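S.K.: next comes the sequence, and after it the predicted model I'd like to discuss.
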Amino acid sequence: MKQYILFALLLFTASFVQAQVQNNQTLDRIVAVVGDEIITESELQMQILQATRANPKSEDPSLRSRILEAMMNDKLVLAQAVLDSIQVPPEEVNRRLDEQVQKLTRYYGSEERFEQAVGMTVSQMKREYRDDIRKRIMIEMIQQQELGSIEITHREVEEFFRTYGDSLPLVPEQVELRQIAMFPRVTESFRQAAREKAQAILDSIRAGASFEEMAKKYSDDPGSARNGGNLGLARRGVFVKEFEEATFALEPGDISDLVETKFGFHIIKLLEKKGEAVKPQHILIRVEKTGESDQSVIDTLKAVRQRILDGASFEEMAMRYSEDGETRKFGGNLGEIEVGELSDEMKAVQQELSEGQISEPTKLTMNRDYAYAIIQLVKRIPQHKATLDSDYQRVSNFAKIFKQNRVYADWIAKIKENVYWKVSL
């Protein structure tokens, strides 16, 4: 997600860098020409700024030339895509634009804040960057054609390891974990109270109250409430099943009956429908869980933990009791995970465990909700040099990337023979 947002921000903030160059009264000169495309100084500086954001004090004299080379390679691939008559369906461009705007709207909290941040309306942004998105998709399509079918053999992995094994980065510390997770249940009295509140709001709207004002006043979804409940344009697969089915069943202007999801009760108004995309507003009334709900789950997990300590199989208990659908069928096994990739909650739990130990019930963020889980540390793998025996898949991934890079470099060299290019640093 962070990489996606950074990429989208990079596209949608190009005008800021150009404006900064103009404010400094610096000519935005052309630094490279590739086919019919140009690369300007401001575009190059924007990419350098993005690359150094994580470590602004680092000094790399080759960074500018390496970034320029990467930008030129993109332009060369685009030129080849044009020569190969790669066509991008307009609906795919629309889908990609809608997807990026939607994610960034959520990132900023509302469409209004997003527009303020980038200095133009959403419709202006879509017009401004439509061609950039189309070109990016063209690049991805022809890269997939050229590089997508590359495979790596066992012999190639072994040869790669013999040549470059000593240069590979250390394998970070990893842990193999299992979990049994359970979600607290909502008490019926609280559920009924939330339903009655949502019904009263729906009755008021149908009697003439403003949907936007009711959303701002009552909705328990702060991200959309401040924007009158507007969720932006979204395609199928974005919302939970019950919400999606209810939304796509509406016509523009319709208001739904109460829709219950794991988040609570929703009132949905459809603003717009474009094929497989919809633009809904909603008001959410959450069903609050109680301390009694939490304690019930904690007590159940403590009992399950004791049964395992008394000799029951963790895997069998996970398949019977865990409510995490992604891991339950695997006996609760989360696999081997780099410690640095664990959530802060899970990282803190595993630090206190020795191999084979099982934690007390611990509160975890899960599926945009919270759950309690008991965690077992199956194995701890210290940081170490990669070996073919224990880290074959990791070495294979490095070998495949190395092979792809060689093929890509050869491909770029061939494109350069047929496409005009010039650097003017």
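M.R.: Alright, I've got the coordinates. Numbers count the residues shown, from 1 in each chain.
S.K.: spatially, what comes nearest to R29 if we skip its sequence neighbours?
M.R.: Counting by C-beta to C-beta, 6 or more residues apart in numbering, R29 lies nearest to E41, which is 5.2 Å off, once chain neighbours are set aside. Bear in mind the C-beta positions are built from the backbone N, C-alpha and C, glycine included.
S.K.: hang on, the one you found packs against D28?
M.R.: Yes. Taking contacts as C-beta atoms under 8 Å, E41 lies within contact range of D28: 5.7 Å.
S.K.: tally of neighbours for the residue nearest to R29?
M.R.: Neighbouring residues of E41 were enumerated by other C-beta atoms under 10 Å; the total is 19.
S.K.: and for the one 4 residues further on?
M.R.: For Q45, the number of neighbouring residues by other C-beta under 10 Å comes to 19.
S.K.: one more: S424?
M.R.: Using other C-beta under 10 Å, the number of residues around S424 comes to 11.
S.K.: gap between the residue lying closest to it once chain neighbours are set aside and Q47?
M.R.: Nearest non-adjacent residue to S424, counting by C-beta to C-beta, 6+ apart: V31, 5.8 Å away. Here the distance between V31 and Q47 works out to 11 Å (C-beta to C-beta, to the nearest Å).
S.K.: element containing the closest residue to L342 other than its chain neighbours?
M.R.: When the adjacent residues along the chain are set aside, L342 lies closest to Q350, with 6.9 Å between them (C-beta to C-beta, 6+ apart). The secondary structure element spanning Q350 is helix 344-351 (assigned by DSSP states H and E).
S.K.: ok, residues contacting that helix?
M.R.: 175, 177, 339, 342, 359, 362-365, 375, 377 (C-beta atoms under 8 Å, 6 or more residues apart in numbering).
S.K.: which of the residues you listed lies closest to S62?
M.R.: The shortest approach to S62 among these belongs to V339, at 32.0 Å (C-beta to C-beta).
S.K.: I'd like to know how far the closest one sits from K379.
M.R.: 12 Å.
S.K.: and for those two, which residues touch both?
M.R.: For the pair V339 and K379, residues contacting each of them under the criterion C-beta under 8 Å, 6+ apart are V175.
S.K.: ok, the two, which is more surrounded?
M.R.: V339 (16 against 11).
S.K.: phi and psi next, for the more buried one.
M.R.: Geometry field for V339 lists phi and psi as phi -60, psi -40, criterion degrees, to the nearest 10.
S.K.: got any ranges where the stretch 51-200 of the chain has weak pLDDT?
M.R.: Within the stretch 51-200 of the chain, the stretches falling below the threshold (pLDDT under 70) are 54-59.
S.K.: confirm that G340 sits in a helix.
M.R.: Yes. For G340, which was evaluated using DSSP: H, G, I helix; E, B strand; the rest coil, the result is membership in a helix.
S.K.: burial count for it?
M.R.: For G340, the count of nearby residues is 9 (other C-beta under 10 Å).
S.K.: just the one 4 residues further on next, same as before
M.R.: Close neighbours of D344, defined as other C-beta under 10 Å, add up to 8.
S.K.: which pLDDT value goes with it?
M.R.: D344 is assigned a predicted lDDT (pLDDT) of 92.
S.K.: how about the helices in the stretch 201-350 of the chain?
M.R.: 211-218, 222-225, 241-248, 291-309, 314-321, 325-328, 344-351 (DSSP state H, counting those that start in this stretch).
S.K.: let me have those in a markdown table, extended by distance to R130.
M.R.: Shown next, in a markdown table, are these (distance: least, C-beta to C-beta, whole Å):
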| stretch | distance to R130 |
| --- | --- |
| helix 211-218 | 29 |
| helix 222-225 | 26 |
| helix 241-248 | 26 |
| helix 291-309 | 49 |
| helix 314-321 | 48 |
| helix 325-328 | 37 |
| helix 344-351 | 39 |
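S.K.: looking at those helices, which has the lowest confidence?
M.R.: When these are ranked by mean pLDDT, helix 222-225 comes last with a mean of 85.
S.K.: now that helix: buried residues?
M.R.: Along helix 222-225, these residues count as buried under the neighbour rule (16 or more other C-beta atoms under 10 Å): 224-225.
S.K.: before we move on, what about stretch 271-281?
M.R.: Judged by neighbour count (16+ other C-beta under 10 Å), stretch 271-281 contains these buried residues: 271, 273, 277-281.
S.K.: give me the neighbour count for D254.
M.R.: When neighbours are defined as other C-beta under 10 Å, D254 has 12 of them.
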